[in-house]
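> Okay, predicted coordinates and the sequence, questions at the end:
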Amino acid sequence: MNAVHCQQIEKSFGSGETEVKVLRGVDFTAHQGEMTFLVGPSGCGKTTLISIIAGLLGSDSGSVELFGESIASLSSREQILFRRRHLGFVFQQYNLLPSLTAAENAAVPLFAAGMNRKAAVAKAADLLDRLGIGHRAHALPRLLSGGQQQRVALARALVHEPRLIICDEPTAALDHKSGESVMELLSNSAVHPDRAVIVVTHDNRVFHFAHRIAHMDDGVITHTESSAPTAATH
Amino acid sequence: MNTKGLILPVIAGACCVYAAVSIASTQPEKILTDPPQPPPRSQYTHSIAAVGLIEPSSESISIGSHRSGIVIAVKVQAGDKVEKNAPLFTLDQKDLDADREVALARIRLSRADADAARVLLEQSQRRLTAANALDDPRALSSEERADRASEAARLEAQVASADAAVELAEAELKTVETEIDRCTVRSPIAGTVLQVDLREGEFVSSGTGTAAPMVIGLIEPLNLRADIDEFEIARLKPGAKAMATPRGDSGRGYELEFVRFEPLVIPKKSLTGDATERVDTRVLQAVYRVVSPDDSLFVGQQMDVFIESLPRNTES
Amino acid sequence: MIALALQMLRHDGAKFLTMVLAVALAAFLTQNQASFLVAFLGMTGSQIRDVREADLWVMESDTECFDQAKPLKETAVQTVRGFEGVEWALPMLKLDTHARTESGKLSTITLIGVSEDSRVGEPKMRQGEAASIYQRDSAVIDPGGMSLLYPGEEFRPGMKIRIHDEWLELRGVSEASPPFTGFPIVHVSHATAMRLNRAESRSTTFVIGRLRSDANAADVTRRIRESTGWKALTRSEFEAASWKFYSDQGVPNLFYITITVGLIVGIAFTGQTFLMFVKENARAFTTLKVLGFTHHQLALMMTAQAALVVALGLSIGTAMVVGTTELAKSLPFFRGLYLPWQVSLACCAVIGCVTVLTAGLSFRQVLQLKPADVFRS
């Protein structure tokens, strides 16, 4: 089953003379068990597309289905609950809460779901352990390196076992080595038969982790290519 | 969780406790306490309150004296029980004693005068009788005879005059003796001496407006005179029950029995003794008999009185 | 989640402290001024409360407060005693007169004659015995009077005070509550007061009494009023009347201004800082929104944050008020000062509500955050 299925999505910002058409009929599909890269130059509409897929933005026309369910047909509250349950996010700037420790940050989705704080933090710490930064579980974000912060963010995206993970330029703020290891972790721990991963990036050094690469330019998907991920032997 | 983050909450917690304790301990108390000594209370549902004075049932008799003079003997003390006409005190009577001597001498003198007159009268009567026995006109002229008759008549009048003089002298003696008797002041009733403001050697004057030297009254039974505000008169029930408690000792209650109302409503006399008191109230005086007085009730004591009454118009 | 919110707040120590102190300042200003106001106006009832035994006050119909009272006729006490529902009644003589000390100090004083019958209205004593006023030519004076008439002197037996050309001996210092007028309060026996009362010939200023426990206060006072034309009030009614009499004369207006300013300053500070806090944490709040926090949850978090600020601020502010109050109480004039719990509660409630409301305004900012902005770097 397709995890994400978009058809003819159009989106423009502003109106009248200042109207900018960002998406001009995008068809996009992401599959479970795969890591799908969405690549293209800046301003081509990648971010708008994932915002629409994640339900953070409405589209002007076209349809988005996540796991067979149409996002637009849900109420705003149902959208939030859907997002909370099924989606994980990794951001370029990590977006960790500066006041929370690494483990608490990783546990935020569990907090949102109303899980007991202690259990949530324990579960998150466990996950951090598996991601190799268990020793920093109780450090505040500002004391962590960029690579460590992104791992915490990754843990946050995984901790509630979502079915779709959306990563927005996960390596853009990192040096090559850290970016490589984060992507390695991502491909090792996020890819799962029931889960789809969408990675927006223009960092071609990490393309080799992709199962499928969708090229986008000027508001449309120009072409999609499949590739066998060359694992993390680098 | 670092300790730095706890400073503020801990300070605030301490502040909160401090504030709470301080506020709790500084709130003014607004309780009703009981009076140190119980004030007088009415035992009746509807009552009229009044103030009253304990008085003798004879009322207080201020003893007066007919005469002014120096006291030479005080025969009683305050608290003594006296019979009617018992001597209370005597005044100096030396001047009267002298007057009495004079009067006695005058009696003796006038009696001697009368005796002398009577002797002369007998003599002239004898001579008249002898003249009448001689019926010889030559032996005694008719003129002589007439003279003897008129002589006898004159002496007779003289005797009458001398007798009157004796009576006068005797009356004068009686006057002096009455005066002497008045030097001893006697109790007008059988009662108790309530007050003695008199010592031997002091001067007693007979006029009014001076403080009485002695007060006497009948204190068995004791009466109580209550001043009832004229506004309360409408609520009075004739013969109603009444209770009185002494000032400052409302624990002791005395039952009262109605005697009479004074017929005249008078301006309230101040019981506080302040002469400058302005009168703004008229009162009806009611006299009650204290049913069972005891030793701790005294004449002149101020009492709080409650008289059972009719309800007010505004009361059910 | 609430812990999460509080952690966010405490992480921003400077703003947290600013907000707490702003609330504390508002709490301090409002409660301080309100307690001054209440304490000052409360002093109008000092002498009423000091008669701890009486809950019924009967007075001339023109009498509006304790300090400005016309006398009643002498039989008034008997009349009041005769009313059903009155347990007992006693006369109280209050004189406004002048007193002079041996050193020549002169002051207007309030002279209170305590009925020697049952000693109702006897003052509590700081030094000496209250019962000593029943001795001839004796009086006791309040602490305010001591400091006014005998500045710098400690009480010692044998001190004299001259009232109406008569020398009375001071037998002690009373704990009479400070009067609104600030004049010394001198307690003497009713008889002494009567003797000193030459100018005004009546013996009764108030009839004080106790209602029977089963009596309906409103009914009894109404009957007394209707039958006699006098004013009959319960203790709290008389206190309220005295309060109203003075507050109608504009005394409290200045306090109202300060209270309002304190409230506005504190709340503006708090609201502004809260808004800045929200703005600076916009990214965090947006992230939380994206990660599935509902508006309801966010509102709860912000309420918790506001509540923490309010709780800490109110605690600190109230403690400051209490502290200054206790300091001020050492001055004779302020010895009646206290923070009524009702005032404290009301101030705290108002500040709390308004702060939470301003937090609500800040919450609108959170609502307006666009989740899609999360991808902006």
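In hand now; what should we look at?
> Look up which residues are beta-bridged to the spatially most central residue of chain A.
Nearest to the geometric centre of chain A sits A:Ile166, at 1.5 Å (CA atoms, centre = their mean). Here A:Ile166 sits in beta bridges with A:Phe89, A:Ile198, as judged by DSSP bridges.
> ok, now which ones touch it?
Taking CB atoms under 8 Å, 6 or more residues apart in numbering or on different chains as the criterion, A:Ile166 is in contact with A:Ile50, A:Ile53, A:Ala54, A:Leu87, A:Gly88, A:Phe89, A:Val90, A:Ile198, A:Val200. C-beta: built from backbone N, CA, C; applies to glycine.
> could you redo the last one with a cut-off of 7 Å?
Going by CB atoms under 7 Å, 6 or more residues apart in numbering or on different chains, A:Ile166 touches A:Ile50, A:Ile53, A:Ala54, A:Leu87, A:Phe89, A:Ile198.
> The fourth one against A:His160, yeah?
Read it as A:Leu87. No - assessed by CB atoms under 7 Å, A:Leu87 is found out of contact with A:His160, at 9.2 Å.
> coming back round to it: any idea how far the residue nearest to the centre of chain A is from chain B?
The gap separating A:Ile166 from chain B is 33 Å, by CB to the nearest CB, to the nearest Å.
> any low-confidence regions in the stretch 101-250 of chain B?
Filtered on pLDDT under 70, the stretch 101-250 of chain B yields the residue ranges B:208-210.
> now the strands for the chain?
Just so you know, I chose chain A. A:2-13, A:20-31, A:35-39, A:61-66, A:69-70, A:87-90, A:164-168, A:196-201, A:212-217, A:220-226 (DSSP state E).
> that's the wrong chain, I meant chain C
Under DSSP E, chain C gives strands at C:56-59, C:86-101, C:106-114, C:125-127, C:138-141, C:160-163, C:166-174, C:185-189, C:206-211, C:231-234.
> what comes into contact with the third one?
The set of residues that contact strand C:106-114 without belonging to it, under CB under 7 Å, 6+ apart, is C:92-100, C:121-122, C:133, C:145, C:148-149, C:163, C:179, C:181, C:183-190, C:192-194, C:196.
> B:Thr184 contacts B:Thr90, doesn't it?
Yes - with contact defined as CB under 7 Å, B:Thr184 reaches B:Thr90; the gap is 4.5 Å.
> if you count what's nearby, which of those two comes out ahead?
Taking neighbours as other CB atoms under 10 Å in any protein chain shown, B:Thr184 and B:Thr90 compare with B:Thr90 leading, 19 against 15.
> A helix includes that one, no?
No - if the criterion is DSSP: H, G, I helix; E, B strand; the rest coil, then B:Thr90 is strand and not within a helix.
> Tell me how far the residue located most distally from the centre of chain A lies from chain B.
The C-alpha centroid of chain A is most remote from A:Glu17, which lies 33.4 Å away (CA atoms, centre = their mean). Here A:Glu17 is placed at a distance of 53 Å from chain B (CB to the nearest CB).
> so what pLDDT did that residue get?
pLDDT, A:Glu17: 83.
> ok so, going back, which among the contacts of strand C:106-114 end up buried?
C:92-95, C:97, C:99-100, C:121-122, C:133, C:145, C:148-149, C:163, C:179, C:181, C:183-190, C:192-194, C:196 (16 or more other CB atoms under 10 Å in any protein chain shown).
> Now narrow those to whatever sits close to chain B.
By CB under 7 Å from any CB of the partner chain, the members of those lying near chain B are C:Glu122, C:Met194.
> Pull the contacting residues for A:Ile53.
The contact partners of A:Ile53, taken as CB under 7 Å, 6+ apart, are A:Val4, A:Cys6, A:Val64, A:Ile166.
> who's the third one bridged to?
The bridge-partner assignment for A:Val64, based on DSSP bridges, gives A:Cys6.
> so it makes contact with A:Cys6?
Yes - contact criterion CB under 7 Å: A:Val64 and A:Cys6 qualify, at 5.2 Å.
> Might you enumerate the residues of chain A proximal to chain C?
Counting by CB under 7 Å from any CB, chain A sits next to chain C at A:47, A:51, A:56-57, A:77, A:80, A:83-84, A:89, A:91-93, A:95, A:97-100, A:108-109, A:111-112, A:117, A:168.
> how about 6 Å then?
Residues of chain A found near chain C (CB under 6 Å from any CB of the partner chain) are A:47, A:51, A:56-57, A:80, A:83-84, A:92-93, A:95, A:97, A:99, A:108-109, A:111-112, A:117, A:168.
> Narrow the residues you listed to those in helices?
A:Thr47, A:Ser51, A:Ile80, A:Arg83, A:Arg84, A:Val108, A:Pro109, A:Phe111, A:Ala112, A:Arg117 (DSSP state H).
> Narrow those residues to those that are buried.
Buried members of these, counted by 16+ other CB under 10 Å: A:Thr47, A:Ser51, A:Ile80, A:Arg83, A:Arg84, A:Val108, A:Pro109, A:Phe111, A:Ala112.
> Switch the residues you listed over to TSV; also include distance to chain B.
TSV is the format used below for those (distance: CB to the nearest CB, whole Å):
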residue	distance to chain B
A:Thr47	37
A:Ser51	36
A:Ile80	30
A:Arg83	30
A:Arg84	27
A:Val108	18
A:Pro109	22
A:Phe111	17
A:Ala112	22
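> farthest pair in those residues?
The largest separation in these, counting by CB to CB, is between A:Thr47 and A:Phe111 at 26.4 Å.
> hmm, back to that, out of the buried ones among the contacts of strand C:106-114, who's near chain A?
Checked against chain A using CB under 6 Å from any CB, the buried ones among the contacts of strand C:106-114 yield no neighbours at all.
> so can I have JSON lines of the contacts of A:Ile53 showing pLDDT?
Below are the contacts of A:Ile53 laid out as JSON lines (pLDDT from 0 to 100):
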{"residue": "A:Val4", "pLDDT": "91"}
{"residue": "A:Cys6", "pLDDT": "91"}
{"residue": "A:Val64", "pLDDT": "90"}
{"residue": "A:Ile166", "pLDDT": "92"}
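> Alright, calling it a day.
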